[in-house]
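Asks: need the 3D shape of this:
(3 chains)
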Amino acid sequence: MSTIALLTDFGTQDWYVAAMKAVMLRICPRAQFVDISHAVTPGDIRQAAFVLLSSYSYFPDRTVFLIVVDPGVGSERDVLVAETDSSLVVAPDNGVASYMLKACSPVATCRGTNSKFMLSKLSTTFHGRDIFAPIAAHLAAGVAPAECGDPLPHPVELAWPEATITSRELKGEVVYIDRFGNAITSIDTDRLQKLPPGVYQAYLPNGMSLPVHAYYQEVAAGMPLAITGSGGLIEISINQGNAARRLGLHIGSCIALK
Amino acid sequence: MSTIALLTDFGTQDWYVAAMKAVMLRICPRAQFVDISHAVTPGDIRQAAFVLLSSYSYFPDRTVFLIVVDPGVGSERDVLVAETDSSLVVAPDNGVASYMLKACSPVATCRGTNSKFMLSKLSTTFHGRDIFAPIAAHLAAGVAPAECGDPLPHPVELAWPEATITSRELKGEVVYIDRFGNAITSIDTDRLQKLPPGVYQAYLPNGMSLPVHAYYQEVAAGMPLAITGSGGLIEISINQGNAARRLGLHIGSCIALK
Amino acid sequence: MSTIALLTDFGTQDWYVAAMKAVMLRICPRAQFVDISHAVTPGDIRQAAFVLLSSYSYFPDRTVFLIVVDPGVGSERDVLVAETDSSLVVAPDNGVASYMLKACSPVATCRGTNSKFMLSKLSTTFHGRDIFAPIAAHLAAGVAPAECGDPLPHPVELAWPEATITSRELKGEVVYIDRFGNAITSIDTDRLQKLPPGVYQAYLPNGMSLPVHAYYQEVAAGMPLAITGSGGLIEISINQGNAARRLGLHIGSCIALK
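Replies: Residues are numbered from 1 along each chain as shown, chains lettered A, B, ... in the order given. Coordinates of the predicted model:
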């Protein structure tokens, strides 16, 4: 069985994800699909890049990641085929895979141009079905990335909003808000250890300061806190509540630990 | 592995889809499920018929399509079991499979009456679990359609809102609106070639006229256009925007190309 | 193939469900996943318990049920590993599996403490990925429940809102509202037979009384009725309409049959 992990902004109400899976099953009948998410905000490359970064490392070796968040479909953007030590990636070359690729250094990056691995008839609006999915399925079936096209030496990279550190302060920003309203920041917990020992508070844009805790239950239900999230980043949360909504946090909100 | 493709109006919040899959795995443990959609508007047979028409041809040969959009559950409507050159269909006989069957001419259509292929205890409200799913799983496991019941010579057909053509004009209507707000019309792009050569515009009910383009990027972000969609039908779209919402289009809105 | 059925309150917009599946595929590459639902209201243990009760019995023997509705994540609550005659359950010991376990008497219940079956690095906020999923995958791969930890003799139980019966009346309450707006009550249809023969009506909190019918079609489209639902419980429905919304029903609303 070959695992193919899908991440798109297609939603699940239409047939678009199913059409991609159908195309892939024709090429690789033993594919095992895992949906990472299809609820990326339409066209939000940065959000998808963060979701991929947060999830890719848990997948089995040789997983093929098929990422289709492609506001430039039909334009000149390249098709990126990348190979890392442990996995394969097919995505538009618009930066959507760049956080992941930065974290796990690709051994090869190619331009997906070989029409042998695409549908014979290409639409101008649905390259997910006609180009990305069949390439991903061929990789899952054993095709080598280099067969897909010439090297693409410098794939597009998105800037990561690196947390900044001063003598007694770490500054980052909210990079993702999840279903529960947890506001995930760009502040890596490991960096807290570079600050002088002491008790730190998280400061929000509205002036509020929150304690940093290890467990939700260290505060009462309904109370806010900062916590190390499951991806090793500081999150602003409310125990059994929606922090983003109640504290007015959104993508880009500045968070300081001091 | 046998592919079973599911299309329902059950949503994914309750356990209804899972109950159908569970029932099928008992009968056909090697089934490979692909969810086409479970977000069909409750009871909207026409919407589901269009979704099936748009997706079926991408699936592998011998796929079993299990369609449960069944506002008449518990009434006298028949259970339709159909076989085409390349696939099998199980659906209520209410027209939901008729666009697909018209496009790929069934070789056999039967009435699913053989209780051997149903659960032993039938509810009156959930034939998806008790009748349709077990029949689909038995087909996937190799049972012949003719074993399911007597021929059903004239399955219910839905009328397709055929585009009309005059000397210099093609008239159709909006038949589907997708997650991105693309308004898909009943106008087949191929028919444009029957019009005299020239530059055509799409006319909307609000009096607006839009250029017909090949790529979203031929207009600026936020600008509307008409384009050949991925299913070969003319769509009214906005480059990186929601056309249906912004242009006031809904199912049945008249669109003319002239 | 081993079936693993998932029920969580994680939603499908983030990568949380995918991370669990990814972890499980590393341990049990031949797992066949069935999503029961990921749309449980965040933290609503009782809702999840009802969904599991309603669906578990349709799954193949040896299915592993992985239930993660865990508002107490990171606190002292135990990890429950249970074995019944026909299946295995991994869940937080907060009662979420108790309706199912009451219905099918477990042969063994253990505390999931053996770190050999968990990820090596545990977060404090995502035990679904770090503890529950890997234990479930090890069970699916053949590990015996007793290897997971010591017996847990008295798992937490939720009270079921048992319908009460008097000489000529059955009283229950709404326990679940589905996508279609059907309000499922705690009144088991079988108990109707303990009442004197006769024609019964369902009485709603707003004073309305509804006929009890066997099929939706016994009333006109848009008309309300009481009906035996697919799980054997009385439901308040509207033929092709949303009963909960139109009749003002919610979880806990009292329904009487007399």
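Asks: what's downstream of the helix or strand bottoming out on mean pLDDT in chain A, the next helix or strand?
Replies: In chain A, no helix or strand scores lower on mean pLDDT, DSSP states H and E than strand A:164-165, which sits at a mean of 90. Next helix or strand after strand A:164-165 toward the C-terminus (DSSP states H and E): strand A:170-177.
Asks: pull up the pairing partners for that following strand, direction included.
Replies: Partners of strand A:170-177 in the sheet, by DSSP bridges, are strand A:164-165 (antiparallel), strand A:183-188 (antiparallel), strand A:254-257 (antiparallel).
Asks: what's the closest of those to B:Pro155?
Replies: Proximity to B:Pro155, assessed across the strands paired with strand A:170-177 by Cβ to Cβ, is greatest for strand A:183-188 (51.4 Å). Just so you know, the C-beta spots here come from the backbone N, C-alpha and C atoms, and that holds for glycine as well.
Asks: what's the least confident helix or strand of chain A in contact with?
Replies: Outside of strand A:164-165, the residues within contact range by Cβ atoms under 8 Å, 6 or more residues apart in numbering or on different chains are A:Leu170, A:Lys171, A:Gly172, A:Arg191, A:Lys194, A:Leu195.
Asks: ok, A:Val64 touching A:Met1?
Replies: No - look at A:Val64 against A:Met1 with Cβ atoms under 8 Å: they stay out of range, at 11.9 Å.
Asks: of these two, who's got more company?
Replies: For A:Val64 versus A:Met1, the count of surrounding residues by other Cβ atoms under 10 Å in any protein chain shown is larger for A:Val64: 25 against 15.
Asks: what's the helix or strand for the more buried one?
Replies: Applying DSSP H and E as the criterion places A:Val64 in strand A:63-68.
Asks: just the C-alphas of stretch A:209-220, formatted as PDB.
Replies: The C-alpha trace of stretch A:209-220 is given here as PDB (Å, rounded to 0.1, in the frame of the first residue of the first chain):
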ATOM      1  CA  SER A 209      -1.300  39.200  30.000                       C
ATOM      2  CA  LEU A 210      -1.700  35.400  30.400                       C
ATOM      3  CA  PRO A 211       0.200  32.900  32.500                       C
ATOM      4  CA  VAL A 212       2.200  30.200  30.600                       C
ATOM      5  CA  HIS A 213       1.100  26.700  31.800                       C
ATOM      6  CA  ALA A 214       1.800  23.100  30.900                       C
ATOM      7  CA  TYR A 215      -1.800  21.800  31.000                       C
ATOM      8  CA  TYR A 216      -5.200  23.300  30.200                       C
ATOM      9  CA  GLN A 217      -6.400  22.100  33.600                       C
ATOM     10  CA  GLU A 218      -4.000  24.400  35.500                       C
ATOM     11  CA  VAL A 219      -6.600  27.100  34.900                       C
ATOM     12  CA  ALA A 220     -10.300  26.900  35.500                       C
END
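Asks: list the buried residues for it?
Replies: A:Leu210, A:Val212, A:His213, A:Tyr216, A:Gln217, A:Glu218, A:Val219 (16 or more other Cβ atoms under 10 Å in any protein chain shown).
Asks: then stretch A:161-168?
Replies: A:Pro161, A:Ala163, A:Ile165.
Asks: noted, bye for now.
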